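**Student:** Could you look at this predicted model? Sequence included:
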Amino acid sequence: MTSNDDILWKESFFEKNFSVDNSLSTFTQKYDLDTLRSHLKSYGTELQQRMSEILKDETEAIVNLAEYLTNLNVKIEHLSLPFFQLREEIMALNQLISNAEMSYGMLLNNIKDNNTSKNNLNLKLGVISCSVYIDKLLKNFAESFEDLIILERIVGKYSLQKSYVDELEIVTTDMQDIMVTVEDQLVKVINRKFLQAVEANDTEIVTRCLRMYDSLKKHNDAEDIYRRTVVRPYLQRLFSDNSVEKSNQNVDKIYENVLDFIDTNMKVLTTVVESNADLNVFNFIFNSFWKEFDKQSREGLPHITAPGNPEQFQKRYKSTYEVLLKISRKCKNEDLITQDESFTEHLKRFNLPVYLEIRYQKIASDFESALDMEPNEFYATKNEISCKLKPTLALWIAVSQCFDKDVYLDQLADQFIRLSMLLLSRYLKWF
């Protein structure tokens with residue numbers, strides 16, 4: 001084996017893809033197995049000799065490294081105890097800090113709760129004190145509040161404290177009783193001033209009174225006192241059988257007076273509410289006037305619909321619908337007449353199906369009677385539409401009656417059109 005072959009052969013053992021079979025196959029192509037064994041034995045001896053030399057050269061360094069590592073291990077073992085103690089001390093310190101933090105947090109929460117309780121108590125005492133003072137003041141000087149400034153200040157102070165109490169939800173039963181009593185007394189005083197101002201058409205005083213109602217959140221009280229004190233007496237006089245008789249069974253005059261009340265008596269209220277955006281929560285026309293109108297009309301005129309008298313029924317229905325439409329417009333919402341339940345229920349007092357049935361029978365029976373004639377009677381005399389046959393004239397009269405101003409109702413338009421089609425069909429069948 002040449003020196004180059006020997007070097008390549010030895011290096012092949014250290015290749016990553018070294019294979020015994022491939023190496024034997026390559027070697028045996030040039031040499032025999034004895035030669036291979038001899039070379040392997042020689043190479044093994046060479047490697048062993050090299051290992052001995054390496055161990056001989058590196059023994060001292062290895063011994064020194066082993067000694068150094070042994071000493072380092074001893075030192076590490078000596079350090080483990082202090083580190084363990086430090087770890088325990090850190091954990092103990094962390095626990096102390098956590099406990100201190102928890103205790104401090106609990107202390108702060110207790111201080112906060114105490115301050116909150118103290119503030120709530122002071123607020124309760126303030127409200128009770130204010131309520132008692134106002135109660136005493138109202139009992140002794142209720143008749144002497146000629147200047148509204150004092151009353152406004154009382155209402156402002158009370159409503160402010162009450163808003164705090166309501167917001168914090170700290171009202172007790174005892175406080176509630178006291179506050180209700182005070183509010184009732186305040187509302188009574190404001191009611192008196194409000195009604196006086198309305199009667200005098202004093203827009204300034206009315207405005208100030210409404211703002212006091214608003215501060216106390218007593219909007220319904222203002223609308224209710226006006227309804228009971230002003231609207232009800234007026235409408236009770238109008239909605240009565242005696243009033244209908246004086247009007248010759250014509251409700252138009254009554255409704256004119258009703259609308260006149262809104263335009264004159266309620267003008268001061270509507271003007272104030274429309275002029276002050278902060279008072280738009282009040283709706284006197286709907287909540288005071290309309291609700292009382294509905295009530296008094298039902299109670300005072302239960303037979304206004306006149307179901308057995310179609311002529312009177314039609315006139316009164318049209319008049320009632322028209323006045324309700326005008327009231328809804330004055331409420332700034334024309335859709336009330338079709339969408340609000342109280343308006344629709346009021347109109348349901350008029351039984352439109354019954355009215356239609358009466359008109360249907362009358363018009364149809366008259367038309368049928370006109371068709372019942374002898375052949376020699378078919379020809380008509382001179383008439384307004386210049387028709388030659390009496391049945392044609394009868395059809396014209398019947399259809400005209402369907403849309404006569406004293407018969408027709410917009411709410412029954414589809415039914416009257418249907419009736420006119422039935423009349424035409426009957427006429428064609430006869431013809």
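**Tutor:** Looks like it came in fine. If you're wondering where the values come from, they're calculated on a predicted model, not measured in any experiment. Numbering: from 1, shown residues only.
**Student:** Run a quick neighbour tally on Val323.
**Tutor:** 19 (other C-beta atoms under 10 Å). (Glycine included, C-beta is placed from N, CA and C.)
**Student:** Check Glu88 too.
**Tutor:** With other C-beta under 10 Å as criterion, Glu88 counts 10.
**Student:** In which helix or strand does it reside?
**Tutor:** In the assignment (DSSP states H and E), Glu88 maps to helix 33-141.
**Student:** Could you give the separation of that helix from the chain centroid?
**Tutor:** On the basis of C-alpha atoms, centre = their mean, to the nearest Å, helix 33-141 sits 53 Å off its chain's mean C-alpha point.
**Student:** From the contact counts, what lies against it?
**Tutor:** Counting contacts by 3 or more C-beta pairs under 8 Å, 6 or more residues apart in numbering; DSSP states H and E, helix 33-141 packs against helix 3-12, helix 20-28, helix 148-168, helix 173-199.
**Student:** got a markdown table for those, with mean neighbour count and mean pLDDT too?
**Tutor:** As requested, the helices and strands packed on helix 33-141 are exported to a markdown table (neighbours: other C-beta atoms under 10 Å; pLDDT from 0 to 100):
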| stretch | mean neighbour count | mean pLDDT |
| --- | --- | --- |
| helix 3-12 | 12 | 64 |
| helix 20-28 | 12 | 71 |
| helix 148-168 | 16 | 77 |
| helix 173-199 | 17 | 83 |
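**Student:** Could you dump the ones you listed into CSV with distance to Ala413 added?
**Tutor:** Output for the helices and strands packed on helix 33-141, formatted as CSV (distance: least, C-beta to C-beta, whole Å):
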stretch, distance to Ala413
helix 3-12, 114
helix 20-28, 110
helix 148-168, 53
helix 173-199, 43
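**Student:** quick revisit: quick one, the helix holding Glu88 and helix 20-28 angle?
**Tutor:** When axes from the mean of the first three to the mean of the last three C-alpha atoms, to 10 degrees is applied, the directions of helix 33-141 and helix 20-28 differ by 150 degrees.
**Student:** Now do helix 33-141, average pLDDT.
**Tutor:** Helix 33-141 shows a mean pLDDT of 77.
**Student:** Next, the angle helix 173-199 makes with that helix.
**Tutor:** Going by the same axes, to 10 degrees, helix 33-141 makes 60 degrees with helix 173-199.
**Student:** before we move on, back to that, indicate which one of the helices and strands packed on helix 33-141 is closest to Asn333.
**Tutor:** The closest of those to Asn333 is helix 173-199. By C-beta to C-beta, the value is 23.6 Å.
**Student:** ok, His39 to Ser23 distance?
**Tutor:** Taking C-beta to C-beta, to the nearest Å as the measure, His39 falls 11 Å from Ser23.
**Student:** Share the number of residues neighbouring Tyr255, please.
**Tutor:** 21.
**Student:** any idea of the pLDDT on it?
**Tutor:** 93.
**Student:** tell me which element it is part of?
**Tutor:** Going by DSSP H and E, Tyr255 is in helix 252-264.
**Student:** Report the buried residues of the helix or strand that that helix is followed by.
**Tutor:** Later in the chain than helix 252-264, the nearest helix or strand by DSSP H and E is helix 267-275. Neighbour-count burial for helix 267-275 flags 268-270, 272-273 (criterion: 16 or more other C-beta atoms under 10 Å).
**Student:** what do you get for stretch 418-431?
**Tutor:** For stretch 418-431, burial by neighbour count (16+ other C-beta under 10 Å) applies to 419-420, 423, 426-427.
**Student:** So which of those belong to helices?
**Tutor:** With DSSP state H as the criterion, helices contain 419-420, 423, 426-427 from among the buried residues of stretch 418-431.
**Student:** could those residues go into TSV alongside distance to Asp410 and pLDDT?
**Tutor:** Formatted as TSV, these follow (distance: C-beta to C-beta, whole Å; pLDDT from 0 to 100):
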residue	distance to Asp410	pLDDT
Leu419	15	92
Ser420	15	92
Leu423	20	89
Arg426	25	87
Tyr427	26	78
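**Student:** Spatially central residue for the protein, please.
**Tutor:** Val281 (17.1 Å; C-alpha atoms, centre = their mean).
**Student:** if I look at it, how far off is Phe403?
**Tutor:** 46 Å.
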